[in-house]
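Asker: Would you be able to build a 3D model of this:
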Amino acid sequence: MLKWPNDLVLGNAKLGGILVESKTQGERVSFAILGIGLNVNQGKAQLPPGAISMRLVSGKRHDLRALLRAILDQIRSSFDDLDHPSNIIEDWWRNCIHRPLRVQVTLPEDIVTGISRAVDEDGNLLIETGDHRIRKVNEGSLRILDD
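Answerer: Have a look, this model is predicted:
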């Protein structure tokens, strides 16, 4: 089972995230599940350290139905992009918060540290390691390093 989180960050605080879980058999993906999490109406006391909510940013409560409707409308309007996956990957990389920063990805049995350089056509993160090699990473927990 692969898990690849992608956090939505506002300033230095986590506003939400995307989690993809998939099951593979060899090179074949059996299924994938996509989840979206968004901190909407939580107060400071309800959030973990380092997180923020839309309410804390805007100063007002948000209508969850209207927000969900807006998210679904955006997904619907982007549905045709599925025919052009390279455009989706380019757009994702253009807006990626760790592009091209020093990162550390913790894998089940390894840790990869280096500069995030790109995302390939299969969705692997390409990390340039200290020895100037490129490592393909398709799962793990990523964090941006300060140095």
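Asker: what stretches of this protein score poorly on pLDDT?
Answerer: Applying pLDDT under 70 to the chain flags the ranges 1-7, 147.
Asker: in it, which spans are helices?
Answerer: 54-58, 64-77, 85-94 (DSSP state H).
Asker: Report all helices and strands that the top strand by length along the chain contacts.
Answerer: Taking DSSP state E as the criterion, the chain has its longest strand at strand 13-25. In terms of contacts (3 or more C-beta pairs under 8 Å, 6 or more residues apart in numbering; DSSP states H and E), strand 13-25 is packed against strand 2-10, strand 28-38. For glycine as for every other residue, the C-beta is placed from the backbone atoms N, C-alpha and C.
Asker: what is the orientation angle of it with strand 28-38?
Answerer: Between the axes of strand 13-25 and strand 28-38, defined by axes from the mean of the first three to the mean of the last three C-alpha atoms, to 10 degrees, the angle is 160 degrees.
Asker: quick one: buried residues of strand 13-25?
Answerer: By neighbour count on 16 or more other C-beta atoms under 10 Å, the buried set for strand 13-25 is 14-17, 22.
Asker: Equivalent analysis for stretch 45-55, please.
Answerer: Going by neighbour count (16+ other C-beta under 10 Å), the buried part of stretch 45-55 is 51-55.
Asker: and it, how far apart are its ends?
Answerer: 13 Å (C-alpha to C-alpha, to the nearest Å).
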